[in-house]
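S.K.: With the sequence up front, the predicted model follows.
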Amino acid sequence: MSATLPEIARITIRKCQGIDEFNACVALQKEVWKFDDLDIIPLRMFVVSEKIGGQIIGAFDGETLAGFAFSIPGSRNGHCYLHSHMLAVREPFRNYGLGRRLKLAQREDAISRDFELLEWTFDPLEIKNAYLNLVRLGAIARRYSVNHYGLSSSPLQGGLPTDRLVAEWWLKSKRVTDLLDRGSSPRFAAEQKISVPAQIYEWKSSDASRGRAAEIQKRNRQKFLDAFRSGLAALGYERDPEGNGSFLLGRWDENWSYASGEDGQ
Ligand SMILES: CC(C)(COP(=O)(O)OP(=O)(O)OC[C@H]1O[C@@H](n2cnc3c(N)ncnc32)[C@H](O)[C@@H]1OP(=O)(O)O)[C@@H](O)C(=O)NCCC(=O)NCCS
């Protein structure tokens, strides 16, 4: 059952503190991804993350955790950045803007500590996540990682290879500040579209139709790899009334670039 608006209105976003709140994140992680124990990020990693400059930010309904975002610090090409490894909102609290609010809290904390970049990976078959990342937050993607984690025990993955796009959120870029401060969507010329059918969730979830989802993943993987090689980036996302999604690819006109490693990952 969905949360009610008054329930959402009283939710506060703040840093998680102490073992009990970190344990609540571990429990919520299990609830959302339904991982086998081996795939779970354990309590100890939350403790370490907090000690070394990561982020564990929760959405709290009173004492109860409704969602969290978890990051660890990283370094590439001489620059420090934050890698957000998990963002989760409990099912009844979804689609009320909490995922976005948790990301905005990550941004605020990151900027206060002089980070310019927050990265995370996301499954390019997840239409909702792509929309949230590219359209609502202003992240871009120009790197594709094939079978990033190897096979996953999470049913959300539907047994498919764990292909991921890398979202780069350049926290102080014009693209992001214009969007967040003025609500103006970034303008760019779309040179290519890469589409994901609305039925993808259904296809991934059953043995009988998983092959269709795998076909889409394979087709789109090649398109992304070719497009990124030619200098395009995923800058926008469109949804049609039937729920189908399309990445819009164009050329990013800003020069924030220390994100790329030598292997392009
Ligand atoms: C991804 C997740 C954290 C988002 O949390 P949330 O609180 O529902 O997110 P928000 O409400 O802030 O934003 C979701 C947006 O997607 C939109 N949306 C919802 N369903 C959608 C769909 N099927 N297709 C496209 N967009 C969709 C919502 O309308 C909302 O946009 P809006 O703000 O313009 O209305 C949550 O769905 C979740 O926990 N999913 C499972 C774990 C996961 O995939 N985590 C992220 C990868 S690490």
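M.R.: Cool, got the structure.

S.K.: Enumerate the residues of the stretch 1-150 of the chain near the ligand.
M.R.: With the criterion set to C-beta under 6 Å from any ligand atom, the stretch 1-150 of the chain comes near the ligand through 32, 86-89, 94-100, 122, 126-129, 131-132, 136. C-beta: built from backbone N, CA, C; applies to glycine.

S.K.: change it to 8 Å
M.R.: 32-33, 67, 84-91, 93-103, 120-123, 126-132, 135-136 (C-beta under 8 Å from any ligand atom).

S.K.: what kind of secondary structure is L249 in?
M.R.: Here L249 is strand, with the state taken from DSSP: H, G, I helix; E, B strand; the rest coil.

S.K.: So in terms of bridging, what pairs with it?
M.R.: Q192, A234 (DSSP bridges).

S.K.: per-residue pLDDT, it?
M.R.: What the model reports for L249 is a pLDDT of 98.

S.K.: again, but for Y144
M.R.: 98.

S.K.: Counting neighbours, what do you get for it?
M.R.: 25 (other C-beta atoms under 10 Å).

S.K.: looking at this, it is in a strand?
M.R.: Yes: per three-state DSSP, Y144 lies within a strand segment.

S.K.: helix, strand or coil for the closest residue to it other than its chain neighbours?
M.R.: Closest residue to Y144 apart from its sequence neighbours, by C-beta to C-beta, 6 or more residues apart in numbering: F224 at 4.4 Å. Counting by three-state DSSP, the backbone at F224 sits in helix.

S.K.: Could you report the neighbour count for F224?
M.R.: Neighbours of F224 using other C-beta under 10 Å come to 24.

S.K.: again with N129
M.R.: Per other C-beta under 10 Å, the neighbour tally for N129 reads 19.

S.K.: wait, is it part of a helix?
M.R.: Yes: the assignment for N129 by three-state DSSP puts it in a helix.

S.K.: Find the closest residue to the ligand in the chain.
M.R.: G99 (2.5 Å; C-beta to the nearest ligand atom).

S.K.: Report pLDDT for that residue.
M.R.: At G99, pLDDT is 98.

S.K.: Which helix or which strand is home to it?
M.R.: Here G99 sits within helix 98-112, counting by DSSP states H and E.

S.K.: helices or strands next to that helix in the packing?
M.R.: In terms of contacts (3 or more C-beta pairs under 8 Å, 6 or more residues apart in numbering; DSSP states H and E), helix 98-112 is packed against strand 12-15, strand 55-61, strand 64-76, strand 79-89, strand 117-122.

S.K.: Dump stretch 16-28 to CSV, restricted to CA.
M.R.: Taking C-alpha atoms only, stretch 16-28 is exported to CSV below (Å, rounded to 0.1, in the frame of the first residue of the first chain):
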residue,chain,number,x,y,z
CYS,A,16,22.4,8.2,9.3
GLN,A,17,24.2,7.8,12.6
GLY,A,18,25.3,4.8,14.6
ILE,A,19,25.1,1.1,14.2
ASP,A,20,21.3,0.8,14.6
GLU,A,21,20.6,3.2,11.7
PHE,A,22,23.3,1.5,9.5
ASN,A,23,21.7,-1.8,10.3
ALA,A,24,18.3,-0.4,9.1
CYS,A,25,20.0,0.4,5.8
VAL,A,26,21.3,-3.2,5.5
ALA,A,27,17.8,-4.4,6.2
LEU,A,28,16.3,-2.1,3.6
